[in-house]
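> coords below, sequence missing:
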C-alpha cells in the first residue's frame, strides 16, 4: 500500500541550508586532515600546539575538551528551549522551524568536529592502545568514539524530517529520531571521559584534568536529565513510574563513575556543576526567552549517599561501592525525590506509586551502580592506575568477572526501563461534562466538571488533571473531587484560539487516557474543531490520540515498529561501540602498566 507523505516538513530552502552547512563542514575537515597528515602547517595545528603547551597535554588532546564542552552546552540549551517552544506553541515547520533548532544543529556539528580534530592532530605521544588507520597514522580510541556518536546524532536530523513526512509530527521527546540525536550527544560524554583517561595514562592526573573530569560527569548528569524533560515540564507522555527510574539510573551511573576513582567531595563537585548549569538553562529558557519553566531533580541526597558509602566502604572495591550506593539511591534517593516532587516538580508523585518506585529503584540503582563501576574500572585501567595496586597480580579471570558484573547491571537497567515504557489505554471510561464559564467573548475560559463513569475510575490515579497547551503557554490544574465520581478543575481552562484543552487520566502503572474539551480546526492535518458542550458525555481515549493530534493514523503498524526497531539497533551499536573502544583502551592500559611494573621489579631485583 502506498503511503502518502505528510505536509508541514522541511522546505527546499531548509534542506539546502542543512546540506550546505554539513557539506562545508566535511570539506573543511577533509582539507584539515589532508594538510595535517601531509605535514603541512595549519592554523588549527598551531592553535593545538599552543594550547597543548599551556595545558601540558599532547596536541591531539588540546582542543577537544573546550569544543566538546561548548557543543554539549549548545545542544542541551537548544533541546530544552525547543521542547518548551513545542509545548507553548505546537509543531514547527521543519529542521529550522524554530530558532531553538540552531544551537542543537551546531552543537551536534561541534561534537563531530571535536572527534575529528584529534584524528587529524594525532601524533606521538599516544596511548598504549590505538586504532590504526594507515601506516604511520594511529588515532586514540576516544577520538573514534566521539566521531561515531556525533555522526549518529547528525544522521538523526534528516531522519527526523523523513519520520515526520511518513508518520506526521510526533510531538514527543521520545520519538525514535529525537532519541537518536540526543542519545548520540549523551554517549559522546563517555568518549570524553575515555580521552581524559588516555591523557592520564601518558601524563598522570593534575588539578586541571581532574576539574575537566568533574565537569564531564556534571555534564553527564545534565545530559541524562534530558531524557526526563517531558516529566520536568509537566507534559509526560509515558508512565509516571519512568521518572524515578530515570533519575536513579542517571545519578547512580554518573556519580559512581566519578567517586569510584576519585577522592572525597568529587561527587559534590559534579553535583554543583549540574545544579549551576541546569538551573542556568532553566532560567534562560523561562526568563529572557519567555517560555515555560523547566523543573529538575535536585540529586543532593543522591550525591550525599555516594559520598557516605565511599567514606564507609572506600572505593578500592568499585563494584561493592556501585551496588551499595545504587541500592541506597534507589530507596533513600527515591524517597527524597518523592518529597521534592511535592515541593517544586510539576507532577507530585502519588504515595500509591512509592512501593513500585522503590522496587524498580533498587533494581535500577544496583544495575546502574554496576555499570558505573565497570566504566570506572575500565577508565582506571586506561589511565594505568593499576600500577598503584599491583597490576602484575591481576588475572584475566578477575577482568572477566568485572565484565560479567557490568553486563548484569546493564541488563537489569535496560530490562527495567523497557518493561515500564509500554502504555495501555483501557476503554470503558466516560465523562459527562459541565462547563462553568469564567470569561466570555473572544477568549472564553471555563471551569470543567466531569462526572466519571464508572465513578471509581480516578481512584488511586497517578495523575488526573485538566491541561491546555500549544496556545501560547501551558496550563495544568488538578481535578479536585467534589462528590463521588465527580471532579472539578482547580482553575479555568482556555477554550479559544490555538489552545488544545483536555482532561488527562493516568491509572495504574501504564494506563494513559484522555478526553477532549476544546481544540481548534486544523486544516493542515485535516482535523475538525472540537468543542465539548454542557451535559455532553465524552469517551476517554488513548492519550496519544489527544496529545499527538498531528500523528498519522493511516500508517501500517509494521512501519512504526520498524522505526523503533531501527532505533534499538542504533542504540545497541552505540553501547557496543562504547564497550569495545573503552575495553580496547583498557587492555592497552593493562599491558602498559604490567610492562612498567615488570621493569620496576627487575630494577628492584638487580
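Sure thing, it's come through. Since the model is a prediction, treat every value here as computed from it, not as a measurement.
> which residue ranges of the stretch 101-250 of the chain form strands?
Secondary structure of the stretch 101-250 of the chain (DSSP state E, counting those that start in this stretch): strands at 130-134, 137-140.
> among these, show me which one is buried the most.
strand 137-140 (a mean of 20; mean count of other C-beta atoms under 10 Å). The way it works is simple: take the backbone N, C-alpha and C, and place the C-beta from them, glycine included.
> okay if I get the strands of the stretch 101-250 of the chain as TSV plus mean pLDDT and distance to residue 538?
Shown next, in TSV, are these (pLDDT from 0 to 100; distance: least, C-beta to C-beta, whole Å):
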stretch	mean pLDDT	distance to residue 538
strand 130-134	93	60
strand 137-140	95	60
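> in CSV, list those along with distance to residue 30.
CSV is the format used below for these (distance: least, C-beta to C-beta, whole Å):
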stretch, distance to residue 30
strand 130-134, 14
strand 137-140, 15
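> closest one to residue 71 among those strands?
Residue 71 lies closest, by C-beta to C-beta, to one member of the strands of the stretch 101-250 of the chain: strand 137-140, at 18.2 Å.
> mind listing what residue 308 touches?
Residues counted as contacts of residue 308 (C-beta atoms under 8 Å, 6 or more residues apart in numbering): none.
> tell me which element it falls in.
Element membership for residue 308, per DSSP states H and E: helix 300-313.
> continuing past that helix, what's the next helix or strand?
Next helix or strand after helix 300-313 toward the C-terminus (DSSP H and E): helix 318-328.
> okay, the angle between that next one and helix 300-313?
Angle, helix 318-328 to helix 300-313, by axes from the mean of the first three to the mean of the last three C-alpha atoms, to 10 degrees: 140 degrees.
> next one: helix 318-328 to chain centre, how far?
Distance of helix 318-328 from its chain centroid, counting by C-alpha atoms, centre = their mean, to the nearest Å, is 22 Å.
> list of residues touching it?
So helix 318-328 is contacted by 248, 252, 255-256, 259-261, 305-306, 309-310, 313-315, 362, 364-374, 376-377, 380, 402, 405, 409 (C-beta under 8 Å, 6+ apart).
> again, only this time at 7 Å
Around helix 318-328, the neighbours that count as contacts under C-beta atoms under 7 Å, 6 or more residues apart in numbering are 252, 256, 260, 305-306, 309-310, 313, 315, 362, 365-366, 368-370, 372-373, 376-377, 405.
> in stretch 428-437, which residues are buried?
By 16 or more other C-beta atoms under 10 Å, the buried positions in stretch 428-437 come out as 429, 430, 431, 432, 433, 434, 435.
> could the residues you listed be laid out in TSV, adding distance to residue 67 and pLDDT?
Putting those into TSV (distance: C-beta to C-beta, whole Å; pLDDT from 0 to 100) gives the following:
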residue	distance to residue 67	pLDDT
429	52	97
430	56	97
431	53	97
432	59	97
433	55	97
434	58	97
435	55	96
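> in strands, which of these fall?
430, 431, 432, 433, 434, 435 (DSSP state E).
> could you export those residues as TSV, including distance to residue 295?
Putting these into TSV (distance: C-beta to C-beta, whole Å) gives the following:
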residue	distance to residue 295
430	33
431	29
432	34
433	30
434	32
435	30
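> hang on, the earlier thing: nearest to residue 352, out of the strands of the stretch 101-250 of the chain?
With C-beta to C-beta as the measure, strand 137-140 is the member of the strands of the stretch 101-250 of the chain nearest residue 352 (50.3 Å).
> the bottom helix or strand of the protein by mean pLDDT?
helix 557-605 (a mean of 80; mean pLDDT, DSSP states H and E).
> residue 449: what secondary structure?
strand (DSSP: H, G, I helix; E, B strand; the rest coil).
> from residue 236, how far out is residue 458?
Distance from residue 458 to residue 236, counting by C-beta to C-beta, to the nearest Å: 17 Å.
> residue 140 contacts residue 125, doesn't it?
No. Shown here, residue 140 and residue 125 do not form a contact pair, counting by C-beta atoms under 7 Å, at 10.7 Å.
> what about residue 342, neighbour count?
Using other C-beta atoms under 10 Å, residue 342 is surrounded by 12 other residues.
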